[in-house]
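> only geometry, no sequence info:
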């Protein structure tokens, strides 16, 4: 079987791409912002915060969790979600390196 396109890039590049793709939808940004605002694990309140159906919110939560941006714990019949700081540390390092490099450049 042949190599996939992701095989040509580093593990870090692939991880950042997965995170960026997960953040590429406004509903997912809204979910992240809501979790930051409440600063605690949330079980069912997320659906009430978005103008989307429950199955749609669940799909967005699944994408965020698969990318490592949020984590979920099962409590009773529901899953409680909160921010997973590890993925945001990866993004912070990535964007900090970009900003520090751009500030040093004397380009167009």
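Done, it's in. Just so we're clear, the structure is a prediction, and the values are computed from it rather than from any experiment. Numbering: from 1, shown residues only.
> mind listing what the residue nearest the centre of the chain touches?
When C-alpha atoms, centre = their mean is applied to the chain, the residue found nearest the centroid is residue 69 (3.6 Å). By C-beta atoms under 8 Å, 6 or more residues apart in numbering, the residues touching residue 69 are 19, 22, 23, 28, 32, 83, 84, 87, 88. Yep, even glycine has a C-beta here, placed from its N, CA and C like the rest.
> Buried only: go through those for me.
When the contacts of residue 69 are checked for burial by 16 or more other C-beta atoms under 10 Å, the buried set is 19, 22, 23, 28, 32, 83, 84, 87.
> What about those, which are in helices?
Secondary structure defined by DSSP state H assigns 19, 22, 28, 32, 87 of the buried ones among the contacts of residue 69 to helices.
> quick one: low-confidence parts of this protein?
Within the chain, the segments meeting pLDDT under 70 span 1-3.
> what are the ranges of the strands in this structure?
70-75, 78-83 (DSSP state E).
> Among these, which comes closest to residue 55?
Of all those, it is strand 78-83 that lies closest to residue 55, at 14.2 Å by C-beta to C-beta.
> how big is the angle separating that closest one from strand 70-75?
Between strand 78-83 and strand 70-75, the angle comes out at 150 degrees (axes from the mean of the first three to the mean of the last three C-alpha atoms, to 10 degrees).
> gap between strand 78-83 and the chain center?
Using C-alpha atoms, centre = their mean, to the nearest Å, the mean C-alpha position of strand 78-83 is found 14 Å from that of the whole chain.
> which residues of this protein fall in helices?
Using DSSP H, the helices assigned to the chain run over residues 11-22, 26-38, 45-49, 54-66, 85-104.
> Of the ones you listed, which is nearest residue 75?
Distance to residue 75, taken as C-beta to C-beta, is lowest for helix 45-49 among the helices of the chain, at 13.1 Å.
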